[in-house]
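Engineer: model the following, please.
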Amino acid sequence: MKLLGTDTSPYVRKVRLVLLEKNLPHTYLVDAPREPGSQVARANPLGRIPALILDDETCVFDSPVIVEYADTLNDAPILIPRDDALARMRVKRWEALADGIMDSAVVVRNEVLRPAEKQDADTIRRHNDAITRALDHGAGQLGQREWCEGAAITLADLALASALVYLNLRQAERDWRGTHPNLAAWFARMSERASMRQTLAA
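Structural biologist: Model (predicted):
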């Protein structure tokens, strides 16, 4: 398998973490869709990353589809519960929460890159408020547990970690650690995992 992506994309990081945690052999290629010669648009009709190209050239997109597919390829570990509908829903809901944080952070990032006179302050405020509410909710749901869902690592943990890494990158001024010390402690533990260290090394 071949994964096309960039080191700063939180959606790519989520997929990379899943592939690494499940020890799935793959090649990771840094391929920014906007760069001349990019393979992304040829592989994914949407022209977006991440794009997972299988050995038969089938392209799997986007990140929720990729991670669900990858989780079926082996059972070590199972990252999305298979036999408990409620537990599965909770893990996927965590993914939706984390992806929502990423989505809003990307919107804010794109808006603040515009010339100051063209920025939409209301858009920035609404999406920053959404991130704040999502962090509040996530911290409340996590409490003092070791994992977001159940007694072992799941996609919930990998998705949330990806969102927090992106906030560190693009909203360094946001003091989510000070506001939510339980999230900070959880993230510190997650950051020690080999998969996280590998994706953070780039």
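Engineer: contacts only, for Tyr28.
Structural biologist: With contact taken as C-beta atoms under 8 Å, 6 or more residues apart in numbering, Tyr28 is in contact with Leu3, Gly5, Arg16. Where you see a C-beta, it was placed from the backbone N, CA and C, and this is true even at glycine.
Engineer: so it, which of the three states?
Structural biologist: Of the three states, Tyr28 takes strand according to DSSP: H, G, I helix; E, B strand; the rest coil.
Engineer: low-confidence ranges, this structure, go.
Structural biologist: Scanning the chain with the threshold set as pLDDT under 70 gives 202.
Engineer: helix or strand for Lys14, which one?
Structural biologist: helix 10-21 (DSSP states H and E).
Engineer: list the contacts of that helix.
Structural biologist: Residues outside helix 10-21 that contact it (C-beta under 8 Å, 6+ apart): 1, 3, 5-6, 26, 28, 49-50, 52, 62-63, 66-67, 70-71, 77, 79, 98-99, 102, 105-106, 153, 155, 158-159, 161-163, 165-166, 193-196, 198-199.
Engineer: got it, and stretch 190-197?
Structural biologist: By C-beta under 8 Å, 6+ apart, the surrounding residues in contact with stretch 190-197 are Arg16, Leu17, Leu20, Glu21, Asp157, Leu158, Ala161, Leu200.
Engineer: surely Ala87 and Glu149 touch.
Structural biologist: Yes - counting by C-beta atoms under 8 Å, Ala87 touches Glu149, with 6.4 Å between them.
Engineer: which neighbours do these two share?
Structural biologist: What both Ala87 and Glu149 touch, as defined by C-beta under 8 Å, 6+ apart, is the set Pro81.
Engineer: which one of the two has more residues nearby?
Structural biologist: Just comparing Ala87 and Glu149: by other C-beta atoms under 10 Å the higher neighbour count belongs to Glu149, 23 against 16.
Engineer: ok, the more buried one - contacts?
Structural biologist: If you count contacts by C-beta under 8 Å, 6+ apart, then Glu149 has Pro81, Ala87, Arg90, Val91, Trp94, Ala156, Asp157 around it.
Engineer: helices along this protein, start to end?
Structural biologist: Listed in chain order, the helices of the chain (DSSP state H) span residues 10-21, 40-43, 63-71, 85-112, 121-142, 155-170, 176-179, 181-191, 194-200.
Engineer: and of those helices, who's closest to Pro33?
Structural biologist: Pro33 lies closest, by C-beta to C-beta, to one member of those: helix 40-43, at 4.2 Å.
Engineer: quick check on the contacts of helix 10-21: which are buried?
Structural biologist: With neighbours counted by 16 or more other C-beta atoms under 10 Å, the contacts of helix 10-21 contain buried members at 1, 3, 5-6, 26, 28, 49-50, 52, 62-63, 66-67, 70-71, 79, 98-99, 102, 105-106, 153, 155, 158-159, 161-163, 165-166, 193, 195-196, 199.
Engineer: quick one: buried ones out of the contacts of Glu149?
Structural biologist: In those, burial by neighbour count holds for Pro81, Ala87, Arg90, Val91, Trp94, Ala156, Asp157, counting by 16+ other C-beta under 10 Å.
Engineer: nothing else from me, thank you.
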